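# Give me a model of this one.
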Amino acid sequence: MTSDQIRAIESAVEELIAGKVNTATARLNAKLGLRATGAGDLSDESDWLDDIIDTNVGLRCGWKNYKADSRKPIVDRWPAQELFGAGPERDARDWTSLWLQNGGRLFTGLRMIALRDNPIWSAISDFDLPFSPFAKASRMRTRLIDRDEANVLGLIDRDRQIALPHVNWNGALLVWEPEDRPKE
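Next comes the predicted model:
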């Protein structure tokens, strides 16, 4: 992809995140931007473009939440988090197996819960980031678990303190080629 094509998609993502447009308008703006760069074939790849927009909006929102939730009082009150499906997966990944292969523990009802400083969060991520989304087009998300529940589960005691790992992510747009598009 050319830098102009990437800018066309990034512009649509930025407008959507800023609340200037809705998802349908962002998608249309990205398609029009791609066509203006001569990439009409890419603008016809609706599922691909939806995945690009959804993943990038998710990553930027995930990053914003990660930074906001990394303050000490928040981490002290909610030191763990649970991985859960927030909708039907479009990817055939077996998240439970991936969780277990990376050292995760399952709790009652097959709940995937770990402390927020556990390296499992980056290990299950295709992007090596400790926040959702963890894969392109994934609907897997996290919800915070408070100290009382984490204590009952045996993940933490009353006095243990944790700190979230520092993340060097520059917010760069993630773009990949459509899977069925011929390589040039």
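# any weak-confidence spans in this structure?
Within the chain, the set of residues satisfying pLDDT under 70 comprises 43, 89, 180-184.
# Tell me how far the residue nearest the centre of it lies from Ile113.
The centroid of the chain falls nearest to Pro133 when counting by CA atoms, centre = their mean (1.6 Å). Plainly put, Pro133 is 18 Å away from Ile113 if you go by CB to CB, to the nearest Å. All C-beta spots, glycine's among them, are computed from the backbone N, C-alpha and C.
# go on, Asp128?
Counting by CB to CB - Asp128 and Ile113 are separated by 21 Å.
# again, but for Trp78
12 Å.
# Show me whatever sits in contact with both of the two.
Ile145 (CB atoms under 8 Å, 6 or more residues apart in numbering).
# Pick out whichever of these two has more residues nearby.
Ile113 (23 against 17; other CB atoms under 10 Å).
# Pull out the buried positions in stretch 88-105.
95, 98-99, 104 (16 or more other CB atoms under 10 Å).
# just those now: which is nearest Arg147?
Arg147 has its nearest neighbour among the buried residues of stretch 88-105 in Gly104, at 19.7 Å by CB to CB.
# The closest one contacts Met112, doesn't it?
Yes. Between Gly104 and Met112 a contact is recorded at 5.8 Å, counting by CB atoms under 8 Å.
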